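Trainee: coordinates for the following, if possible.
(2 chains)
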Amino acid sequence: MRVTDTWYLVVGALLFSVGAAGVLLRRNVLVILMCIELMLNAANLSFVTFARRLDDVTGQVAVFFVLVVAAAEVAVGLAIVVAIFRQRRRGATADDVSLLRG
Amino acid sequence: MRAVPPIHWPAVAPVAALGVTVVVAVMLRSLVRRSAWVDDAVIALTLVGLAVAGGFVVVQWRIVRSDGAYQAVAGAVAVDGFAVFVAGVVLAAAAASVLLSRSYLRTVGLAHGGEYLVLLLCSTIGMLVMAGANDLLVVFVALEVLSIPLYLLTAFDRRRRASLEGGMKYFVLGSFASAVFLYGVALTYGATGSTSLPGVAAFLARTTLAESGTLLAGLMLMLVGLGFKVAAVPFHTWVPDAYQGAPAPVTGFMASATKAAAFAALARVLFTGLDAYRSDWRPAVWALAVLTLVVGNLAALAQRDVKRLLAYSSVAHAGFILIGIEAANQRGRAAALFYLATYALMVLGTFGVLAALARRGERFDLECFAGLGRRRPVLAGVLTVLLLAQAGVPATSGFVAKLGVFQAAAQARSWALLVVGVLAAVVGVAYYLRVLLVMYTGAEADGGEGTAEGSPVPPALGAAPVGVDAGTGIVLAVAVAVTVWVGVAPGGLLDLAERARLLF
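Mentor: I've put the predicted structure just below:
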């Protein structure tokens, strides 16, 4: 059985779906952060696969941009999570962060 | 080996000016510690940087008027009337937000103003890039550069739980939206072989896709991602939390500048890149506009916190601007730009009043506004004018702006959307009037019901006789003056918006 680039696209779509579902359904903020990473990397995988299929370098370059952005995003996200942890010692699941509503 | 693309510096001069300002401000903050004058020096530096960038923007506008629009940095950035107009709005909003911040940070007790201003400037840089972004990758990077500092700014008031919570919700939903947008970009790239918007357009003009599923999926994912940023329903859930949690000047900045930049990106992606698929995205934008108008206005009616009320009203305004986008004609784009510019001023003025009234642990429950008209007649007067303008009362800029998008909808024959828009505008008047009523007559009809932070009786606003500082005064005066002036004589700004065309 030959592995074509379509397989990679399907894996990308699956990863993206898993990530999106995780962000929407999971309660733990750290897991949500990881799921966002998963979504970004699903996009990366698709970019690289398309770049190979199109024989074009743009898709590979895109991955570097995304990597840098993802690093910045995680740094900020963790900073906010840590600030929340410090403020209320208990834990920071999405259920604890429910002051604002309506 | 390919050469490095030449950089046409005049095209990126405003961004470069702000970049230099950021570096100098960070150095100043880290080298000079614990001096009373540093805070003010950084504020002055920030304003100078914004003014220089503004000067470059004016020069760009002249060049575009005389020599025509052009692309720069290997086609990644477009310098056209549209981009320059939005850049002007963004810079004005940033400057106003900085002016509001000085006294606000003091009264609320957030004395370390350095990082605050640097983050604000970084976000402004992202918005400037986004205004002219001509490549989907640039749009994505700009989106993140403007969002990441905003997450931090929202959570900036670390002692206030609402601020941290708002920041975290904004962060989670914002990053989610960015990731969705990115996947949309990847699919569009796969279908068309290019991330450049003119490249995508050229490909679509050349070839008819046998199977357009990938491109349509990409288009819809990008629409979702940008829908989050412009705060369109059903992607608006972060708006009330982030707006309520963020410090008041930051909220004003988010509502004005972020909206302008996000709409600029939306317009460019739809009109420059995917105009060939107009018949596919117009119904989607139509649905977004209707949902946004209906939900935004109805939810605003039910709010008891004025910042939350304004957040939902900001969602509703996004709906009106979407009417202009949905019209998909030049008049619609001009109307959307005009709306963005006038709304930016109104909302900055409104949050300016809130910033001037804010005290430590800021609370803006509706009851706190009772009797404000007696205690602080001038501030109440300013708030009255700006809220009436947001409601779209004639002789204010808000009326002209709404009329503009309605005319565009009529020209595009979107009658149903026009009717929804007019009805939404009528409903909108109700909640603005409710705030005014409380402000001037005093008591709310129905009291009780738990308030946001749990303490039973929120303190009345504006009880302490604290003056309004010069920066805030300037912003409020300009906001009111321009709002009324544009409402009475809209010709000049309408003309500017009409001339601010897209390159392609």
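
Trainee: which secondary structure element of chain A has the lowest mean pLDDT?
Mentor: Within chain A, no helix or strand scores below helix A:58-88, which has a mean of 91 by mean pLDDT, DSSP states H and E.

Trainee: that helix vs chain B: in contact?
Mentor: Yes: with CB under 8 Å from any CB of the partner chain as the criterion, chain B is reached by helix A:58-88 at A:58-59, A:61-62, A:65-66, A:69, A:72-73, A:76-77, A:79-81, A:83-84, A:87-88. In this view, the C-beta of every residue, glycine as well, is placed from N, C-alpha and C.

Trainee: where do the helices sit along the stretch 251-400 of chain B?
Mentor: B:259-267, B:278-301, B:306-327, B:330-357, B:372-375, B:377-391, B:397-411 (DSSP state H, counting those that start in this stretch).

Trainee: related to what we said a few turns ago, just the buried ones from the residues of helix A:58-88 next to chain B, in PyMOL syntax?
Mentor: Entered in PyMOL, the line below selects the buried ones among these, by 16 or more other CB atoms under 10 Å in any protein chain shown:
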select buried, chain A and resi 58+59+62+65+66+69+73+76+77+80+81+83+84
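
Trainee: list the residues that contact residue 73.
Mentor: This is for chain A. Shown in contact with residue A:73 (CB atoms under 8 Å, 6 or more residues apart in numbering or on different chains): A:36, B:144, B:148, B:175, B:178.

Trainee: nope, chain B please
Mentor: If you count contacts by CB under 8 Å, 6+ apart, residue B:73 has them with B:5, B:7-8, B:11-12.

Trainee: from those residues, which shows the smallest pLDDT?
Mentor: Model confidence across these bottoms out at residue B:5, which has 71.

Trainee: what about that one, which SS state?
Mentor: At residue B:5, secondary structure determined by DSSP: H, G, I helix; E, B strand; the rest coil is coil.

Trainee: that one and chain A, how far apart?
Mentor: 12 Å (CB to the nearest CB, to the nearest Å).

Trainee: what sits against that residue?
Mentor: Residue B:5 touches B:73-74, counting by CB under 8 Å, 6+ apart.

Trainee: go again with 10 Å.
Mentor: B:72-76 (CB atoms under 10 Å, 6 or more residues apart in numbering or on different chains).

Trainee: likewise residue B:328?
Mentor: Applying CB under 10 Å, 6+ apart, the residues near residue B:328 are B:267, B:270-271, B:275, B:278-279, B:281-282, B:285, B:408, B:412, B:414.

Trainee: with residue B:341 instead?
Mentor: By CB under 10 Å, 6+ apart, residue B:341 lies in contact with B:85-86, B:88-89, B:92-93, B:256, B:260, B:397, B:401, B:482, B:486, B:493, B:496-497, B:500.

Trainee: about what we covered before: now the contacts of residue A:73 in CSV, with distance to residue B:213 and neighbour count?
Mentor: Below are the contacts of residue A:73 laid out as CSV (distance: CB to CB, whole Å; neighbours: other CB atoms under 10 Å in any protein chain shown):
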residue, distance to residue B:213, neighbour count
A:36, 26, 25
B:144, 28, 23
B:148, 33, 24
B:175, 27, 28
B:178, 23, 26
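
Trainee: tell me the one among those residues nearest to residue B:107.
Mentor: Distance ranking of these against residue B:107, using CB to CB, places residue B:148 first at 27.3 Å.

Trainee: wait, the closest one sits on residue B:123?
Mentor: Yes: using CB atoms under 10 Å, residue B:148 makes contact with residue B:123 at a distance of 8.1 Å.

Trainee: give me the element residue B:208 is part of.
Mentor: For residue B:208, there is no enclosing helix or strand under DSSP states H and E.

Trainee: could you do the one 10 residues further on as well?
Mentor: Under the criterion of DSSP H and E, residue B:218 resides in helix B:213-230.

Trainee: state the distance from residue B:166 to residue B:364.
Mentor: 13 Å (CB to CB, to the nearest Å).

Trainee: have a look at these two and say which one is more surrounded.
Mentor: A direct count of neighbours by other CB atoms under 10 Å in any protein chain shown for residue B:166 and residue B:364 places residue B:166 higher, at 29 against 21.

Trainee: get me the contact residues on the stretch 301-450 of chain B for chain A.
Mentor: With CB under 10 Å from any CB of the partner chain as the criterion, the stretch 301-450 of chain B meets chain A at residues B:302-305, B:308, B:312.
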